[in-house]
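Asker: sequence and predicted structure, then a few things I'm wondering about:
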Amino acid sequence: MVGSPVRFAAAALFLLLLNACASTPDNRLAYDTKAGSRSGTRIETPKTPLQCVPYARARSGINLFGDAGTWWDQAAGRFARTSTPALGAVMVLTGYAGPGRGHVAVVSRMVSDREIRIDHANWLNDGAIYLDDPVVDVSADNDWSEIRVWNPRAGSWGIRTYVVQGFIGPGPADGNDRVAMN
């Protein structure tokens, strides 16, 4: 019993420090941690693992090919491009898994001005399809330039912030896609 108070104090300090590691370094997620339910992401495991590009192409009708990191440039002049999400648009992330690598996902629901739901494949490098997965805008200017994605396997927001190049479609380019990005 002599060491019990010391052990208790050490354990309490350890838990306090561990809690600090789990907290976010800024308040950009304060909006989301209190609003809405994060349950609801459905995970489907296809017989053959899928990549994000063929899934987004089939789901959205945006007929682009090649690595996700090339979609934004390929869409110029062919499809509408904007900086804000729209139902059915393809969200293009850049630097997803290193320089030049991207990820694409389809906007499936508009929840609020700072939250959407997406459908996408192979998010956790498992070939699975993630349906109705929450995404929150964490950009300082509320301009959808930076996001975080809900991780349904961990039951929490992902720890990384991702850069959004923009949203492709739905619909053809109208000649003003560059203006819409400003």
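Answerer: Structure's in. What do you need?
Asker: okay, and for this structure, where does confidence drop off?
Answerer: 1-39, 175-182 (pLDDT under 70).
Asker: strands of that one, residue ranges please.
Answerer: 42-44, 79-82, 90-94, 102-112, 115-121, 129-137, 146-151, 156-157, 162-172 (DSSP state E).
Asker: figure out which of those strands is closest to Gly66.
Answerer: strand 102-112 (9.9 Å; CB to CB). Backbone N, C-alpha and C define where each C-beta goes, glycine included.
Asker: which elements pack onto the closest one?
Answerer: Applying 3 or more CB pairs under 8 Å, 6 or more residues apart in numbering; DSSP states H and E, we find strand 102-112 packed against helix 52-60, helix 71-75, strand 90-94, strand 115-121, strand 129-137, strand 162-172.
Asker: hang on, the earlier thing: select, out of the strands of the chain, the one closest to Ala56.
Answerer: strand 102-112 (4.2 Å).
Asker: the residue most central in space within the chain pairs with what?
Answerer: Nearest to the geometric centre of the chain sits Val149, at 3.6 Å (CA atoms, centre = their mean). Beta-bridge partners recorded for Val149 (DSSP bridges): Val135.
Asker: coming back round to it: and the strands of the chain as JSON lines, adding distance to Thr70?
Answerer: Listed next are those as JSON lines, based on distance: least, CB to CB, whole Å:
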{"stretch": "strand 42-44", "distance to Thr70": "26"}
{"stretch": "strand 79-82", "distance to Thr70": "13"}
{"stretch": "strand 90-94", "distance to Thr70": "10"}
{"stretch": "strand 102-112", "distance to Thr70": "7"}
{"stretch": "strand 115-121", "distance to Thr70": "17"}
{"stretch": "strand 129-137", "distance to Thr70": "22"}
{"stretch": "strand 146-151", "distance to Thr70": "20"}
{"stretch": "strand 156-157", "distance to Thr70": "28"}
{"stretch": "strand 162-172", "distance to Thr70": "11"}
